[in-house]
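# Sequence first, predicted coordinates after that:
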Amino acid sequence: MIRSCIVLFSLLFALGVNAQELEFVDLGVAEGEFKEISKEVEWFNRSDRSVQVKLVSKNDALKTERKSITIKAGAKAKIRYSIELSQSPGYFEYELQLVGREDVLLYGFQFGLQILAPEVDVFKAYRNTQWPFRTKERIFNLKAGYKQDTLSSTFDVYNLGGADLDLSEVKVSDSVWVKFEPKTIKHNQFGRMTISMLPSESAPSGFQKMSIGLKNDDKVFAHLPIQFTLLPPKQLNQSEVVSGSPTITTSIINHDFRVMKVGEVESVQVVLANLGKGELQIERLESNCDCLTYELQEKVLSSGNNTMLTVTFNANNRLGLERKTLAIFSNDPANPTLVLTFRAHVK
């Protein structure tokens, strides 16, 4: 007994870890149509020796890619895991333990996940065909970022192509990447698609749309329309000013609050910028619903400057698919009325 305690404390001291330590990982929200999610976590071996670690799941729904791993001294291990989702909505927690010699708990992860109720008719929600899968989005919004930022967004996809899809080798270009999780999406199952883009330094500021081609074995199998906004810096160089008149641009044209519960309140921040030489005056804003409110920091923007607009959607007494608009009136002669669209699916 005494010898076992000595071995236990010696092991903990050598590894430099704290027994019974759990790290909480918030997995956010998963829609009820999903059968499974796949992700990874990292653990750093801070000791001066290699460690053999058993990966022990405390829940039947949580599984790891491997049962054990060996982590070299000072190295970081990536641990891939999957969770089979409950078919009942609610909040769920899962625990993964990293166990060393003598069954010592070296580290642990506690995952929290909110599962929503599934769509009554999935085909109404995932109606847009981006062969060979379906999505809720007609255009894939990468949102906004400054030049040389990496723009990235993740979207739910549904495979209704009649066969399993191997998407492990999908390519676009040197500046655009598309990744699917899981890499193989079975027929009649859901997955997630992440589109990332690094705009060139010479790319113009402002709102842009384009189409990207997804390649598998160097053959294009799908074209996806994307949109994004490149924000100017706080102060533009004169070479970046696009016109002599006030010119308004925005980080968001369309925004989807996605699935919300009745009574829930969600906000999104929108960047408004002036790409022209003249002073931009935001004269007024008009929402088509009391449920969509806004707060604007500044109404007057000098050349090259930007400001923040906070838009809030209140789902109280709302139900179903909601589409609301916010009109921005300014002295931009080319675009005096800029209309932003906001969507939500209230359950």
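Thanks, I have the structure now.
# Quick check: residue 39 vs residue 115, distance?
From residue 39 over to residue 115 the distance is 15 Å, taken as CB to CB, to the nearest Å. Bear in mind the C-beta positions are built from the backbone N, C-alpha and C, glycine included.
# And for residue 322?
Note on residue 322: its distance to residue 115, by CB to CB, is 22 Å.
# which of these two has more neighbours?
Neighbour count, other CB atoms under 10 Å: between residue 322 and residue 115, residue 115 has more, with 21 against 18.
# Hmm, the more buried one is touching residue 93, no?
No - using CB atoms under 8 Å, residue 115 makes no contact with residue 93, being 11.6 Å away.
# can you list the weak-confidence ranges in the chain?
Along the chain, the parts satisfying pLDDT under 70 run over 1-21, 119-122, 148, 232-243.
# Mind doing that once more with 50?
Within the chain, the stretches with pLDDT under 50 are 1-20, 234.
# any idea how it splits into domains?
Domain assignment for the chain, taken from automatic domain parsing, gives 2-115, 129-231, 232-347.
# distance between the helix or strand where residue 273 lies and the chain's centre?
For residue 273, the host element (DSSP states H and E) is strand 265-274. Here strand 265-274 is found 17 Å from its chain centre; the criterion is CA atoms, centre = their mean, to the nearest Å.
# can you list contacts of it?
For strand 265-274, contacts defined as CB atoms under 8 Å, 6 or more residues apart in numbering pick out 144, 205, 229, 231-232, 246-252, 255, 257, 260, 280, 282, 296, 301-316, 328, 340, 342, 344.
# From residue 53, how far out is residue 226?
Residue 226 sits 41 Å away from residue 53, going by CB to CB.
# can you check residue 303 too?
According to CB to CB, residue 303 stands 57 Å off from residue 53.
# Same check on residue 164?
Applying CB to CB, the value for residue 164 to residue 53 is 32 Å.
# and what of residue 35?
Look at residue 35 and residue 53: by CB to CB, they are 28 Å apart.
# other SSEs contacting the lengthiest strand in the chain?
In the chain, with assignment by DSSP state E, the single longest strand is strand 219-231. Helices and strands touching strand 219-231, by 3 or more CB pairs under 8 Å, 6 or more residues apart in numbering; DSSP states H and E, are strand 140-146, strand 190-197, strand 206-216, strand 265-274.
# May I see the buried residues of that strand?
Residues of strand 219-231 classed as buried by neighbour count (16 or more other CB atoms under 10 Å): 222, 224, 226, 227, 228, 229, 230, 231.
# hmm, back to that, got the CA coordinates for the strand holding residue 273 in PDB?
C-alpha atoms of strand 265-274 as PDB (Å, rounded to 0.1, in the frame of the first residue of the first chain):
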ATOM      1  CA  VAL A 265     -32.600  37.300 -28.100                       C
ATOM      2  CA  GLU A 266     -29.600  37.300 -30.400                       C
ATOM      3  CA  SER A 267     -27.300  40.200 -31.600                       C
ATOM      4  CA  VAL A 268     -24.800  40.600 -34.400                       C
ATOM      5  CA  GLN A 269     -22.300  43.400 -35.000                       C
ATOM      6  CA  VAL A 270     -22.100  45.000 -38.400                       C
ATOM      7  CA  VAL A 271     -19.200  47.200 -39.500                       C
ATOM      8  CA  LEU A 272     -20.100  50.200 -41.600                       C
ATOM      9  CA  ALA A 273     -17.300  52.000 -43.500                       C
ATOM     10  CA  ASN A 274     -16.700  55.000 -45.800                       C
END
